[in-house]
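Enquirer: Take this sequence and fold it.
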Amino acid sequence: EVQLVESGGGLVQAGGSLRLSCAASGFTFDDYVIGWFRQAPGKEREGVSCISNSDGSTYYADSVKGRFTISSDNAKNTVYLQMNSLKPEDTAVYYCAAGWYLSRDPIKYDYWGQGTQVTVSS
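Expert: Residues are numbered from 1 along each chain as shown. I've put the predicted structure just below:
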């Protein structure tokens, strides 16, 4: 059974940091791209960052470049999203997903986690 489990969300003040984790199981982790997405109330789900576990390629949305860093520990089947200099507009439910393509498009991903809430207060 494929599982993606996010953790690390919470409430933080603007300017603070959080590290999200996505623990994967039930598929060949090294073959997949893992993406982080977020969805704020009333907004569409948007791609934040993704990483290819096969070659290490990464993608970042312009809104998070220079603040967020994605990394992967293939030995632990876990992908991390280090979020620094957080802003209130980063508030959303954050999801990780697994797919075959390095893409910001949610439709390209086959498996999804349940999400973790990130709230940034001003």
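
Enquirer: Check the offset of the host helix or strand of Tyr95 from the chain's centre.
Expert: Assigned by DSSP states H and E, Tyr95 belongs to strand 92-99. With CA atoms, centre = their mean, to the nearest Å as the basis, strand 92-99 stands 5 Å off its chain's centre.

Enquirer: after that strand, next one along is what?
Expert: Strand 92-99 is succeeded, C-terminally, by strand 109-112 (DSSP H and E).

Enquirer: then the following helix or strand past that next one to PDB, C-alphas only?
Expert: Downstream of strand 109-112, the next assigned helix or strand under DSSP H and E is strand 116-121. The C-alpha coordinates for strand 116-121 follow below in PDB (Å, rounded to 0.1, in the frame of the first residue of the first chain):
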ATOM      1  CA  THR A 116      -0.300  19.200   7.300                       C
ATOM      2  CA  GLN A 117      -1.400  22.700   8.400                       C
ATOM      3  CA  VAL A 118       1.100  25.600   8.300                       C
ATOM      4  CA  THR A 119       0.000  28.800   9.900                       C
ATOM      5  CA  VAL A 120       2.100  31.900   9.900                       C
ATOM      6  CA  SER A 121       1.000  34.800  12.100                       C
END
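
Enquirer: Can you list the residue ranges for strands in the chain?
Expert: 3-7, 10-13, 18-25, 33-39, 46-52, 58-60, 68-73, 78-83, 92-99, 109-112, 116-121 (DSSP state E).

Enquirer: Out of those strands, which is the most enclosed?
Expert: Ranked by mean neighbour count, those are led by strand 33-39 with a mean of 24 (mean count of other CB atoms under 10 Å). Bear in mind the C-beta positions are built from the backbone N, C-alpha and C, glycine included.
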